[in-house]
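**Q** below are the sequence and a predicted model for it; my questions follow.
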Amino acid sequence: MANKQSFTPAEWTKILESIMVAGIAVSAAEPSGLWGTLKEALASRSALSASKLDTASNELIKTAIADLETRDSRAAVEEAIHSRFAGAKPAEIVQRSLDNLREVSAILDAKAPAEAAAFKAFLNGISQKVADAATEGGFLGFGGVRVSKAEKATLGEIAKALGTAAKIA
């Protein structure tokens, strides 16, 4: 069974970063304004909380979430994300996020093959919850669609980067 010690510190930071990046990619695909962005951020946090409490979550997921909640790990991930996205436009944020997810997918396949599928499904789940969180294209909360075409495309690209099937609603 893989755990934090199964990875180098740089790999572990990328894995932790992927938890945040999975939602960031969807948010960047179709920027939702202030309220939409807040809803999407809350959806990402809610997905983490649900996975943390889910008895079916594997230990790698639970360990990653617990580690992400520590001050040192959180600081390392924030620094990595800041560095990754500094000066990037939304389309670049999506591509850089997909790059991270491809790297993490390869790391998981190589070093945690038994846990890889569950962790990738966890990342896909975060992305889907973020996509579902805010209505896109409406005005003052009226009209629009739950998941925009750009978000659907990004969900498909995330699944492809992780080597999984997309569950696009």
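**A** Cool, the structure landed.

**Q** A28 - nearest residue in space that isn't next to it in sequence?
**A** Nearest residue to A28, sequence neighbours excluded (C-beta to C-beta, 6 or more residues apart in numbering): I93, at 3.8 Å. From N, CA and C alone the C-beta is placed, and that goes for glycine too.

**Q** list phi and psi for the residue positioned nearest the centre of the chain.
**A** By C-alpha atoms, centre = their mean, the chain has its centre lying nearest to A22, at 1.7 Å. The phi/psi pair for A22 (degrees, to the nearest 10) reads phi -60, psi -40.

**Q** list the contacts of the residue nearest to S6 when sequence neighbours are not counted.
**A** Distances taken as C-beta to C-beta, 6+ apart place K111 nearest to S6, at 5.3 Å, with adjacent residues excluded. Contacts for K111 (C-beta atoms under 8 Å, 6 or more residues apart in numbering) come out as A2, S6, F7, E11.

**Q** which strands or helices does the least confident helix or strand in the chain by mean pLDDT pack on?
**A** Across the helices and strands of the chain, the lowest-confidence element by mean pLDDT, DSSP states H and E is helix 33-53, at a mean of 71. Applying 3 or more C-beta pairs under 8 Å, 6 or more residues apart in numbering; DSSP states H and E, one finds that helix 33-53 contacts helix 9-29, helix 59-68, helix 113-133.

**Q** could you point out which element follows the last one?
**A** Yep, that's helix 113-133 we're talking about. helix 149-162 (DSSP states H and E).
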